[in-house]
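Chemist: What shape does this take:
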Amino acid sequence: MKPQEVRDLSRSDRAEKLQEFYQELFNLRFQHSTAQLENTQRLGQVRKTIARIKTIIKEKSAGTGHGK
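Modeler: Here you go, the predicted model:
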């Protein structure tokens, strides 16, 4: 997800997306450990997306950033 897409979501939608990406990361790690993962780049993409969402949540809670 792009940062602007995350900023446009409501607070509950951001939390829901974060949970979805954590679940996807769990599944990807499981597939990777059992040698079933074909696209290993997806691990890094999901981790970066989680970090992006968490950063924007923190910006919004601190009252700074682009959403003000």
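
Chemist: what sits up against the strand or helix carrying Gly44?
Modeler: Secondary structure from DSSP states H and E places Gly44 in helix 41-62. Applying Cβ atoms under 8 Å, 6 or more residues apart in numbering, the contact partners of helix 41-62 are 1, 3, 6-7, 11, 14-15, 17-18, 21-22, 24-25, 28-29, 32, 37, 65-67. Heads up, the C-betas are built off the backbone N, CA and C, glycines and all.

Chemist: buried ones in that helix?
Modeler: Residues of helix 41-62 classed as buried by neighbour count (16 or more other Cβ atoms under 10 Å): Leu43, Val46, Thr49, Ile50, Arg52, Ile53, Ile56, Glu59, Lys60.

Chemist: pLDDT wise, what is Thr64 at?
Modeler: Looking at Thr64, its pLDDT is 65.

Chemist: for Met1, same thing?
Modeler: Here the pLDDT value assigned to Met1 is 85.

Chemist: For Tyr22, which non-adjacent residue is closest in space?
Modeler: Ile50 (6.6 Å; Cβ to Cβ, 6 or more residues apart in numbering).

Chemist: any chance of the buried residues of helix 41-62 in CSV, with pLDDT too?
Modeler: Formatted as CSV, the buried residues of helix 41-62 follow (pLDDT from 0 to 100):
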residue, pLDDT
Leu43, 96
Val46, 97
Thr49, 97
Ile50, 97
Arg52, 96
Ile53, 96
Ile56, 94
Glu59, 92
Lys60, 89
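
Chemist: For Phe26, what is the enclosing helix or strand?
Modeler: Taking DSSP H and E as the definition, one finds Phe26 inside helix 11-33.

Chemist: Right, I'll leave it there.
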